[in-house]
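Visitor: Coordinates for the following, if possible.
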Amino acid sequence: MRALVTGAAGFIGTNFVRQTLARKREGIDRLVALDLLTYAGNYANLTGLESDPRFRFVRGDVADRDRVAALVAEEAIDVIVHCAAETHVDRSIVDGAPFLVTNVHGTLALLEAVRGRPGFRCFLHVSTDEVYGSVAEGRSTESAPLRPSSPYAASKAAADGFVFAYAATYGVPAVITRCSNNYGPYQFPEKLIPLFVTNALDGESLPLYGDGMNVRDWLHVEDHAEALWHVLGLRAAPGEVFNISAENEMPNRALTEQILRLLDRPANLVRYVADRPGHDRRYALDPGKLRATGWRPQVSFADGLARTVAWYRERRAWWEAIKSGTYRDYYDRMYSGRLAGSSAAPREPGV
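Guide: I've put the predicted structure just below:
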């Protein structure tokens, strides 16, 4: 197997690459890591892998059709694990254009690179539960309609559509996985868990949206990486979709309380701030289809969160280097006004 992993210096890509090489997966002759190293792509995440003869890092734009096609041909790639994406909902609300370029045009560039390629085995497109939109009750199955609420979710739904189309029209052996919210090491600290952990470590406010009762379905990134490998081994039919979830639902307020307890920080760090526009109330995935094939999550949420908090506590230099410069400017733009109008008490939904 000669695999190309896109977004390999980002959160999910980094963990997938590291887990793959550390566990010496059978059949991996080559692992090419592609990343443009924009704000959330950090080459330091891949430190120490350069000595592995199977590993090659390439800095490049996933939406550059010529570059992607040349790389796939040069390295004789027969498997693609497509993790590259713009992912932060708040950034998509400010400007959706980069999400269209990376998430849609990038996916299309990869699909074109493997269309009709002899011997190509699998295009695994890593998508998200956010394409289903808010789930009032029950859990989203793979056949649920797509109702994206944010520009980010819309871009991922559009990318899913192109994967379906290339599977149906050209027979590209492509499958889609839709995962719930990931957490774990190497996550860029604009996401809820690393943001709140690192802010709490510095004694800074934790800006909690709305009333803090938005529910998310948490999946440790190590379980996600194992699930991706499991799907690769299924030889699924072109166009198949698999939900990946550990079924760990929790309101953001309760999650925040757990983080504070693990760090022994006071509850008065929490500030309830104005909600983001179009904020989905609840995500919940039904992973029954994947579980029926034998996959099971291995990391309990309590243990996974404790390990995650310890990872950020022990790697201050890693996140301090990120939370400076342009990140600080972005953080101030996103939260200064909200924090100025914040309160210590929960806000009513939509306020």
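
Visitor: Is Pro118 in a helix, a strand, or coil?
Guide: Secondary structure assignment for Pro118 (DSSP: H, G, I helix; E, B strand; the rest coil): coil.

Visitor: Quick one: neighbours of it, just the number.
Guide: Residues lying near Pro118 (other CB atoms under 10 Å) number 5. Placement of C-beta: from N, CA and C, glycine included.

Visitor: Please determine how far it is located from His224.
Guide: 31 Å (CB to CB, to the nearest Å).

Visitor: Leu192 too?
Guide: Distance, Leu192 to His224, by CB to CB: 17 Å.

Visitor: Could you pull out the buried residues of stretch 288-296?
Guide: By 16 or more other CB atoms under 10 Å, the buried positions in stretch 288-296 come out as Leu290, Arg291, Trp295.

Visitor: Now tabulate the residues you listed in JSON lines and tack on distance to Thr326.
Guide: Below are the buried residues of stretch 288-296 laid out as JSON lines (distance: CB to CB, whole Å):
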{"residue": "Leu290", "distance to Thr326": "38"}
{"residue": "Arg291", "distance to Thr326": "41"}
{"residue": "Trp295", "distance to Thr326": "38"}
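
Visitor: could you dump those residues to CSV with distance to Tyr209, pLDDT and secondary structure?
Guide: CSV is the format used below for the buried residues of stretch 288-296 (distance: CB to CB, whole Å; pLDDT from 0 to 100; DSSP: H, G, I helix; E, B strand; the rest coil):
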residue, distance to Tyr209, pLDDT, secondary structure
Leu290, 30, 98, helix
Arg291, 31, 98, helix
Trp295, 32, 98, coil
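
Visitor: out of Leu192 and His224, which sits in the more crowded spot?
Guide: His224 (27 against 22).

Visitor: surely that one meets Ile244?
Guide: Yes - using CB atoms under 8 Å, His224 is in contact with Ile244, at 6.1 Å.

Visitor: Return every residue with contacts to both of the two.
Guide: Common neighbours of His224 and Ile244 (criterion: CB atoms under 8 Å, 6 or more residues apart in numbering): Cys179.

Visitor: Where does pLDDT dip in the stretch 251-351 of the chain?
Guide: 348-351 (pLDDT under 70).

Visitor: What ranges does it have for its strands?
Guide: In the stretch 251-351 of the chain, the segments counted as strands under DSSP state E, counting those that start in this stretch are 270-273.

Visitor: Could you do the stretch 51-200 of the chain as well?
Guide: Per DSSP E, counting those that start in this stretch, the stretch 51-200 of the chain carries strands over the ranges 55-59, 79-82, 122-128, 174-179, 181-183.

Visitor: How about Pro207: what's its closest non-neighbour residue?
Guide: Val273 (4.6 Å; CB to CB, 6 or more residues apart in numbering).

Visitor: what does Glu142 give?
Guide: Nearest non-adjacent residue to Glu142, counting by CB to CB, 6+ apart: Val241, 4.2 Å away.

Visitor: Got the phi and psi for the one you found?
Guide: Main-chain torsions, Val241, degrees, to the nearest 10: phi -120, psi 140.

Visitor: Which helix runs longest in this protein?
Guide: Determined from DSSP state H, the single longest helix within the chain is helix 151-170.

Visitor: got the contact list for the closest residue to Arg139 other than its chain neighbours?
Guide: Once flanking residues are discounted, Arg139 sits nearest to Asp286: 3.8 Å by CB to CB, 6+ apart. Contact analysis of Asp286 by CB under 8 Å, 6+ apart lists Gly138, Arg139, Ser140, Thr141, Asn243, Ser245.

Visitor: can you pull out the helices in the stretch 151-300 of the chain?
Guide: Ranges of helices within the stretch 151-300 of the chain are 151-170, 192-201, 221-232, 252-263, 288-291, based on DSSP state H, counting those that start in this stretch.

Visitor: who wins for proximity to Phe99 among the ones you listed?
Guide: Phe99 sits nearest to helix 151-170 of all those, at 4.0 Å, using CB to CB.

Visitor: The closest one packs against which elements?
Guide: Where contact means 3 or more CB pairs under 8 Å, 6 or more residues apart in numbering; DSSP states H and E, helix 151-170 is packed against helix 89-94, helix 97-99, helix 106-114, strand 122-128, strand 174-179.

Visitor: separation between the closest residue to Ala44 other than its chain neighbours and Tyr186?
Guide: Once flanking residues are discounted, Ala44 sits nearest to Trp318: 6.9 Å by CB to CB, 6+ apart. Separation of Trp318 from Tyr186 (CB to CB): 8 Å.

Visitor: That's all I had, so thanks and see you.
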